[in-house]
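**Student:** pasting a predicted model and its sequence here:
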Amino acid sequence: MKHVYYLCMLPAIFASCSPQTTTEEASAPSIEVAQAVTDSVTLYKTYPGFLSSNRAIQVVARVNGQLLAKEYDGGQYVEKGKVLFRIEDNTYRDRYNQAKAALATAESTYEYNKKHYEAIKKAFAGDAVSQMDLIQAESNYRQSEANIASAKAALSTAQTNLGYCVITAPISGHINSSPFSAGAYIGGEGSPVEMATIYEDDVLNANFYIEDEQYINMLRGGSDEREDLKEIPLTFSESFPHSYTANLYYMAPSIDRNTGTMKLQAKLQNTYGELKDGMYCSISLPTGVDSDAILVKDASIGTDQLGKYLYVVNDSDKIVYTHIKIGELANDSMRIVTDGLAPGARYVTKALMKVRSGMKVNPVLTK
C-alpha cells in the first residue's frame, strides 16, 4: 500500500504544477534587452575651465578734446581699421600746420647755407676770405642739416597726434560698449584713456588646470604631441547646435605649489560665432585607453538612492536589480561600466518602469 500511495500521488503533483508553469511562461511580457559589449575605448577625465579670446585689445585715446562721434554699436563685430571714435582735432591740426611750416623754413635755410658754404669754400681757395669765415659757413650749413632733422621729427609727432584724433579698430573682433558718448571731454594726452575693448574671438583658448599626478600620467602616455590631445571634446552647461573640440598647445612651465595644479590651454575655432570670452566649459582630457571596457547603453541605466543600476536578465529569464558603478560616456550613447556587470550580460533597454526584480520576462535581444 505504501508504494501504491506514492505512485498515485506523482501524477497528481505533475498535473497540478504543469499548468501553472505553462501559464507563467505564457504571461511573461516581451522585453527588449541588449548584451553588454566589450570594446577598446579612450578614457577621459573632465575638468572645469573657461574660454578666453585669443586677444583682447584695449582701444585708448591719446589726445585731449571733445568726443565728436562714436561710430559703432556695443557688441557688434568690427573690422580692423574701422573708425570707432572721432575727437576734435583743431589744436592738433594747428600744431601739425606749424610743424609743417617749420620744416619748410628749415629746408629753405638749409639750401641757403649749403650754397653759401660752397661759395665760401671757393673764395677761401683763392684767399678771398679767412679760415674763420669758412669755419662759420660750414657750421651754419651743418646746423641747418640738424634743424631739418629736428623739424621732421616734430612734424612726425604732430602728424601722429593728429591721427590719434580718429581712433580706429586695431584688430577685427567684437567690441564692447564705451563709457563715453558724443560731447564728453577726453583727456588722454597725459595718460591714455580706455575707450573700449575689442575681443578677437574667432579663435578662443580653453583654460583649465590639472593635478600634478595627471601631468605625470600624460607623460607616461607620451608627449604633448599625442594625437588624442589635438581634438579634446568640450561641453557647456547647455548644448549648442554645434560640437566643439580644442587642440592642446600650452602647458605651464611649473606646478603651483599652493594648489598642486598646472595650467593648460587648448585652442579652438569659434567658427559659428556662438562662443564668448569668459564662458564656462568642461574639458574632457584623454587619460588613457581601456582595451576591455564594458559598455552599455547610457539610456538603460537607472538612478536611485543607492546610485546607478541596471535591470539584468539572468539565465532563468528573470529580472535582477543590479547595482553598478559607471565611468565616462563613450561613442556618444554608450556608458562604461567599471564594476557590477559581467561582459555579455543581458540588460533591459526599454520599458524600465514596467519591470521589477524577480519578474519573469521573455527577453528580445536587440543590437
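**Tutor:** Great, that's in hand. Numbering: from 1, shown residues only.
**Student:** mind listing what's buried along whichever helix in the chain runs longest?
**Tutor:** In the chain, with assignment by DSSP state H, the single longest helix is helix 90-125. Within helix 90-125, the residues that count as buried by 16 or more other Cβ atoms under 10 Å are 92, 95-96, 99, 102-103, 106, 109-110, 113, 116-117, 120, 124. Every residue, glycine included, has its C-beta placed from N, CA and C.
**Student:** need those in JSON lines with distance to Thr46 and pLDDT, can you?
**Tutor:** As requested, the buried residues of helix 90-125 are exported to JSON lines (distance: Cβ to Cβ, whole Å; pLDDT from 0 to 100):
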{"residue": "Tyr92", "distance to Thr46": "55", "pLDDT": "97"}
{"residue": "Arg95", "distance to Thr46": "59", "pLDDT": "96"}
{"residue": "Tyr96", "distance to Thr46": "59", "pLDDT": "97"}
{"residue": "Ala99", "distance to Thr46": "61", "pLDDT": "97"}
{"residue": "Ala102", "distance to Thr46": "67", "pLDDT": "97"}
{"residue": "Leu103", "distance to Thr46": "65", "pLDDT": "97"}
{"residue": "Ala106", "distance to Thr46": "69", "pLDDT": "96"}
{"residue": "Thr109", "distance to Thr46": "75", "pLDDT": "96"}
{"residue": "Tyr110", "distance to Thr46": "72", "pLDDT": "95"}
{"residue": "Asn113", "distance to Thr46": "77", "pLDDT": "95"}
{"residue": "His116", "distance to Thr46": "82", "pLDDT": "94"}
{"residue": "Tyr117", "distance to Thr46": "80", "pLDDT": "93"}
{"residue": "Ile120", "distance to Thr46": "86", "pLDDT": "92"}
{"residue": "Phe124", "distance to Thr46": "89", "pLDDT": "87"}
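**Student:** show me which of these is closest to Thr261.
**Tutor:** Tyr92 (50.6 Å; Cβ to Cβ).
**Student:** next, give phi and psi for the closest residue to the closest one other than its chain neighbours.
**Tutor:** Excluding the flanking residues, the one nearest Tyr92 by Cβ to Cβ, 6 or more residues apart in numbering is Leu162, at 4.4 Å. Main-chain dihedrals, Leu162, degrees, to the nearest 10: phi -60, psi -40.
**Student:** again, but for Leu352
**Tutor:** phi -60, psi -30.
**Student:** not counting its neighbours along the chain, what's nearest it?
**Tutor:** Nearest to Leu352 is Gly302, by Cβ to Cβ, 6+ apart, at 5.9 Å.
**Student:** still on that earlier bit, now find how far off-centre the longest helix of the chain is within its chain.
**Tutor:** Averaging C-alpha positions (Cα atoms, centre = their mean, to the nearest Å) puts helix 90-125 57 Å from its chain's average.
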